[in-house]
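In: pasting the sequence and the predicted coordinates here, then a few questions.
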Amino acid sequence: MQQMRTPELFAAAFATIRDLVESTVDGLDPATLAFRPDSDANSIGWLIWHLTRVEDDHVAGVAQVPQAYTTGGFAERFALPFEVGDIGYGHSSEEVRAVKLPDPTLLVDYHLAVARSTLGYVSGLDDDDLDRVVDRNWDPPVTAGVRLQSVVSDCLQHLGQAAYVRGLATRR
């Protein structure tokens, strides 16, 4: 049996996120994407947009490459009323409501672009790469390994939330 190494571990985690994004939004209409269990809850569309923005922003920062949101034209395609660098952190209820999508295709296309970039980056990692400090604004400073693990955790938590909301929305 072959041992799993750093690149395979991160690749498996991010591939799982990619697959779950696709299955979570598959077949949803605009009303279901926008469904919120109450007026202050997050919608499926917002949750998937946000987790993809986090992965795009944070992994691009670690990899020191441009974000797919801008280079792939997704900022224009989403046409959201936010600054291009906005990733959804701290959004108000009104800002969550502003994420209205015609269908899940744009979300999936964006996430697939981000996943390609992420998987390309993590496939070349080695253990030494994980110790590189990527953010000195924290004490202790954040390393690449900690940032990547944090992104995986954030994305999986938001996917669980989106799946739960999907369950509520499709049982109405």
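Out: Nice, thanks for sending it over.
In: how about the helices in the chain?
Out: 6-25, 30-34, 44-63, 68-71, 74-78, 93-97, 105-122, 144-170 (DSSP state H).
In: list the helices and strands the fourth one packs on?
Out: With contacts taken as 3 or more CB pairs under 8 Å, 6 or more residues apart in numbering; DSSP states H and E, helix 68-71 sits against helix 44-63, helix 105-122. No exception for glycine: its C-beta is placed from N, CA and C like everyone else's.
In: helices or strands up against the last one?
Out: Meaning helix 105-122. Partner elements for helix 105-122 (3+ CB pairs under 8 Å, 6+ apart): helix 6-25, helix 44-63, helix 68-71, helix 74-78.
In: looking at these, which is nearest to residue 35?
Out: Nearest to residue 35 among the helices and strands packed on helix 105-122 is helix 44-63 (6.6 Å), distances taken as CB to CB.
In: just the angle between the closest one and helix 6-25, please?
Out: With axes from the mean of the first three to the mean of the last three CA atoms, to 10 degrees applied, the angle from helix 44-63 to helix 6-25 works out at 160 degrees.
In: tell me which other helices or strands helix 44-63 touches.
Out: With 3+ CB pairs under 8 Å, 6+ apart as the test, helix 44-63 has helix 6-25, helix 30-34, helix 68-71, helix 105-122, strand 133-135, helix 144-170 packed against it.
In: will you turn these into JSON lines that also has mean neighbour count, mean pLDDT and distance to residue 52?
Out: As requested, the helices and strands packed on helix 44-63 are arranged in JSON lines below (neighbours: other CB atoms under 10 Å; pLDDT from 0 to 100; distance: least, CB to CB, whole Å):
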{"stretch": "helix 6-25", "mean neighbour count": "18", "mean pLDDT": "96", "distance to residue 52": "7"}
{"stretch": "helix 30-34", "mean neighbour count": "17", "mean pLDDT": "96", "distance to residue 52": "14"}
{"stretch": "helix 68-71", "mean neighbour count": "20", "mean pLDDT": "98", "distance to residue 52": "8"}
{"stretch": "helix 105-122", "mean neighbour count": "20", "mean pLDDT": "97", "distance to residue 52": "5"}
{"stretch": "strand 133-135", "mean neighbour count": "15", "mean pLDDT": "95", "distance to residue 52": "20"}
{"stretch": "helix 144-170", "mean neighbour count": "18", "mean pLDDT": "97", "distance to residue 52": "8"}
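In: distance to residue 56 for the ones you listed - can I get that in JSON lines?
Out: Shown next, in JSON lines, are the helices and strands packed on helix 44-63 (distance: least, CB to CB, whole Å):
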{"stretch": "helix 6-25", "distance to residue 56": "12"}
{"stretch": "helix 30-34", "distance to residue 56": "19"}
{"stretch": "helix 68-71", "distance to residue 56": "5"}
{"stretch": "helix 105-122", "distance to residue 56": "5"}
{"stretch": "strand 133-135", "distance to residue 56": "15"}
{"stretch": "helix 144-170", "distance to residue 56": "10"}
